[in-house]
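**Q** Structure for this input, please:
(2 chains)
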Amino acid sequence: MNTINNEQARDTAESVARRSYGKLVAYLAARTRDVDAAEDALADAFAAALADWPQKGCPNNPEAWLLAVARRKFLDTVRGQRREVLSDDLETMAESLAAAASESHFPDQRLGLMFACAHPAIEAGIRAPLMLQVILGLDASRIASAFLISPATMGQRLVRAKQKIRQAGIPLHVPEPEELRERLETVLDAIYAAFAEGWIDASGADVARRDLAEESIYLGRLVTQLLPSEPEAMGLLALMLFAESRRGARRDAQGEYVPLMEQRVDAWDKAMIDEAEQLLFHAAELKLVGRYQLEAAIQSAHVARVRNGRANCAQVVELYDALLALAPSPVVAINRALAVAERDGPQAGLEALQSIAEDARLREYQPWWAARADLLARAGSANEARQAYEIAIGLEKDESVRRFLDRRRSVLGS
Amino acid sequence: MQYLLALYSNENVFATMTPEQQQKGYAAYMAYTEALKTAGVLLSSNRLRPSATATTLRTTDGKTQVLDGPFADSKEQLGGYYLIDVPDLDAALSWAGRCPGVGHGVVEVRAIWDMTKGGK
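**A** Here you go, the predicted model:
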């Protein structure tokens, strides 16, 4: 086998293993709410699958394969302990494994598990990592490196969250219809948080982060499959696909940052964009607008503009207004100011930026200064622009973005 | 699972209410208690005397001290509780959300540690 086939075989095996792993964890934990014990029971089997399947191919019934190995390992453990009577926990796990093995059609309860991971009773910051771990089987150290947290801390916080699910009795089920929309928001927010972490690394050099974007899209897709008539779930998936479609175009051949308006359209993933447009279209038919649909719609407008030069600035400003009303944030306000500049000129954009400057946090916020610098340059105020670029450069973490801002600064006239 | 709904509120507010307002308050709690009973989820419930009646014990330097007043001196005081038995946290939260205490204070929901399961 050549390297590409090898890699493909590994990717396929990994994604099949992940899918089955999440289904089994969800099934085993649904009754006991003991996510940790379910993961423990499957850990060896999952590791064996990740080692075996890329070599020998995926089994026809991956869940049955994992379950058989998990049961064998489990029995080994029990025998190793040479106990007359099984403890409650081992007994429950033995029953669960037996029950799982007798299922002819394996139920997919991953959605219930996702709702438990993103439960309002779980600390907001750990919801995304928790989902990545229990649904996809990513290990704590890999998640930790993607979220820039020490592995020990991440491990501890994950353990605590799983303990809370069990001890506080957080149910692993899809909420009742009257609660569903509100609760779905926290699930979608957690998925988007994971995606955003993956998005930071544009060059894709950081494998943990690049994978995170792909995994988040997988989770987003899973939600739209399991809850097919939720417009916001479609909106989120569309938003992530729009962003991901441009991954390859965000840096040029030398690894330098390329702003959206200057990206090479042929480097965009057309299939992803088409899928995103379709999703957005279907979501709109359900007539229940929300944050993710609006953000995806803005992306769609940007795509149309770069593709065929059709500027629909008025529409974009309106979308930002709606978004600001639904989910106000500094990022949205800054982007709205840039859209206003497109519609009414740089001076109007600067005024819009100035109107949000009272928020002290923005004074340390790179995008605010970069936006201001850009608009000042376009308005012909070179000196002020130079100053704003300087502050923006000082606040930026990404080296290639710093170089980009520096190039912009150096072409300023006087 | 069993859950304790611990009701915290500013007890001074109650003292400054008119008799009609107090009556309304009682009625709301009576109705809530009835609803819990009818649903068959109520194990017990009680209202506590004001925190000024509290006496607190602790050991300092090996000596047990008896102190006047509640353990925590905060703006809101523990004023009562409901002990309920429901399937899971969502059911407990749903009951807690209907408690009149949420309207004028804080309701803390805590799972009861089931010691019959080996303390796990």
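
**Q** now residue B:102, nearest residue through space, not along the chain?
**A** residue B:96 (7.0 Å; CB to CB, 6 or more residues apart in numbering or on different chains). Where C-beta positions appear, they are placed from N, C-alpha and C, glycine not excepted.

**Q** Just to check, the one you found is in contact with residue B:106?
**A** No. With contacts counted by CB atoms under 8 Å, residue B:96 stays clear of residue B:106, the gap being 10.3 Å.

**Q** more neighbours, these two?
**A** Between residue B:96 and residue B:106, residue B:96 has the larger neighbour count (other CB atoms under 10 Å in any protein chain shown), namely 20 against 14.

**Q** sec struct for the residue of the stretch 151-300 of chain A found nearest chain B, please.
**A** Nearest to chain B, among the residues of the stretch 151-300 of chain A, is residue A:171, at 3.9 Å (CB to the nearest CB). Following DSSP: H, G, I helix; E, B strand; the rest coil, residue A:171 is assigned to coil.

**Q** Tally up the residues packed near it, please.
**A** Applying other CB under 10 Å, we find 19 residues neighbouring residue A:171.

**Q** So for the nearest residue to it once chain neighbours are set aside, what pLDDT did the model give?
**A** Of all residues not flanking residue A:171 in the chain, residue B:88 sits nearest, at 3.9 Å (CB to CB, 6+ apart). Turning to residue B:88, the model gives it a pLDDT of 95.

**Q** for residue A:180, same thing?
**A** Reported pLDDT for residue A:180: 90.

**Q** so what's it up against?
**A** Residue A:180 makes contacts with residue A:174, as judged by CB atoms under 8 Å, 6 or more residues apart in numbering or on different chains.

**Q** which residues touch residue A:13?
**A** When contacts are counted by CB under 8 Å, 6+ apart, residue A:13 touches A:49-50, A:53-54, A:57-58.

**Q** Check the offset of the helix or strand harbouring it from the chain's centre.
**A** Assigned by DSSP states H and E, residue A:13 falls within helix A:3-32. Relative to its chain's centre, helix A:3-32 lies at 18 Å (CA atoms, centre = their mean, to the nearest Å).

**Q** ok but residue B:78 is inside a helix, no?
**A** No. Using three-state DSSP, the assignment for residue B:78 is strand, not a helix.

**Q** Torsion angles phi and psi at the nearest residue to it once chain neighbours are set aside?
**A** Excluding its sequence neighbours, the residue lying closest to residue B:78 (CB to CB, 6+ apart) is residue B:8, at 5.6 Å. With angles defined as degrees, to the nearest 10, residue B:8 sits at phi -110, psi 140.

**Q** The residue nearest to residue B:102: which element?
**A** Per DSSP H and E: residue B:96 is located in helix B:89-98.

**Q** list the buried ones in that helix?
**A** B:89-93, B:95-96 (16 or more other CB atoms under 10 Å in any protein chain shown).

**Q** for stretch B:35-55, same thing?
**A** Those buried within stretch B:35-55 under the rule 16+ other CB under 10 Å are B:36, B:41-42, B:45, B:51, B:54.

**Q** which one among these gets closest to residue B:12?
**A** Closest to residue B:12 out of those is residue B:51 (10.2 Å), distances taken as CB to CB.

**Q** can you tell me how far residue B:21 sits from residue B:101?
**A** 16 Å (CB to CB, to the nearest Å).

**Q** Could you tell me how many residues sit around residue B:13?
**A** A total of 13 residues lie near residue B:13 under the criterion other CB under 10 Å.

**Q** List the contacts of residue A:306.
**A** Shown in contact with residue A:306 (CB under 8 Å, 6+ apart): A:260-261, A:263, A:265.

**Q** That should have said residue B:106, apologies.
**A** Counting by CB under 8 Å, 6+ apart, residue B:106 has contacts B:7-9, B:76.

**Q** What is the helix holding residue B:96 packed up against?
**A** The contact analysis (3 or more CB pairs under 8 Å, 6 or more residues apart in numbering or on different chains; DSSP states H and E) places helix B:89-98 against strand B:2-9, helix B:19-38, strand B:77-85, strand B:105-111.

**Q** Show the pLDDT at residue B:116.
**A** pLDDT recorded at residue B:116 is 77.

**Q** residue ranges with poor pLDDT in the stretch 151-300 of chain A?
**A** A:199-210 (pLDDT under 70).

**Q** looking at chain B, which helix or strand does the model trust least?
**A** For chain B, counting by mean pLDDT, DSSP states H and E, helix B:11-15 ranks last in confidence among helices and strands (a mean of 88).

**Q** neighbouring contacts of that helix?
**A** For helix B:11-15, the surrounding residues in contact (CB under 8 Å, 6+ apart) are B:22, B:25, B:50-51, B:77, B:79, B:104.

**Q** tell me the contacts of the residue nearest to residue B:102?
**A** B:5, B:102, B:107, B:109.

**Q** so the first one touches residue B:82, yeah?
**A** Yes. In this structure, residue B:5 sits in contact with residue B:82. The criterion is CB under 8 Å, and the distance is 4.3 Å.

**Q** Could you list which residues are in contact with the residue in chain B that chain A sits nearest to?
**A** Taking CB to the nearest CB as the measure, the point where chain B comes nearest chain A is residue B:88, at 3.9 Å. Contacts for residue B:88 (CB under 8 Å, 6+ apart) come out as A:33, A:169-171, B:1.

**Q** before we move on, the earlier item: for the contacts of residue B:106, pick the one with the most neighbours.
**A** When neighbours are counted by other CB under 10 Å, residue B:7 leads the contacts of residue B:106 with 25 neighbours.

**Q** Which pLDDT value does the model give the nearest residue to that residue once chain neighbours are set aside?
**A** Nearest residue to residue B:7, sequence neighbours excluded (CB to CB, 6+ apart): residue B:101, at 4.0 Å. Note on residue B:101: pLDDT of 93.

**Q** and residue B:101, what does it touch?
**A** Residue B:101 makes contact with B:5, B:7-9, B:79-80, B:107 under the criterion CB under 8 Å, 6+ apart.

**Q** Next, the angle from the helix or strand hosting residue A:50 to helix A:3-32.
**A** If you go by DSSP H and E, residue A:50 is part of helix A:35-56. Relative orientation of helix A:35-56 versus helix A:3-32 (axes from the mean of the first three to the mean of the last three CA atoms, to 10 degrees): 160 degrees.

**Q** quick one: the helices in the stretch 151-300 of chain A?
**A** With DSSP state H, counting those that start in this stretch, the ranges of helices along the stretch 151-300 of chain A come out as A:151-167, A:177-199, A:207-226, A:231-245, A:270-285, A:291-308.

**Q** Residues of the stretch 51-200 of chain A that sit close to chain B?
**A** For the stretch 51-200 of chain A, the residues in contact with chain B (CB under 8 Å from any CB of the partner chain) are A:87-89, A:119, A:121, A:167-171, A:175.

**Q** The residues you listed, buried ones only, as a PyMOL selection?
**A** Those of these that count as buried under 16+ other CB under 10 Å are selected in PyMOL with:
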select buried, chain A and resi 119+167+168+169+170+171+175
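
**Q** Taking the residues of the stretch 51-200 of chain A next to chain B, tell me the two that lie furthest apart.
**A** Farthest pair in those, by CB to CB: A:87 and A:175, 32.5 Å.

**Q** Tell me how many other residues crowd the closest residue to residue B:6 other than its chain neighbours.
**A** Spatial nearest neighbour of residue B:6, chain neighbours left out: residue B:108 (4.5 Å); criterion: CB to CB, 6+ apart. Residue B:108 has 13 neighbours, counted by other CB under 10 Å.
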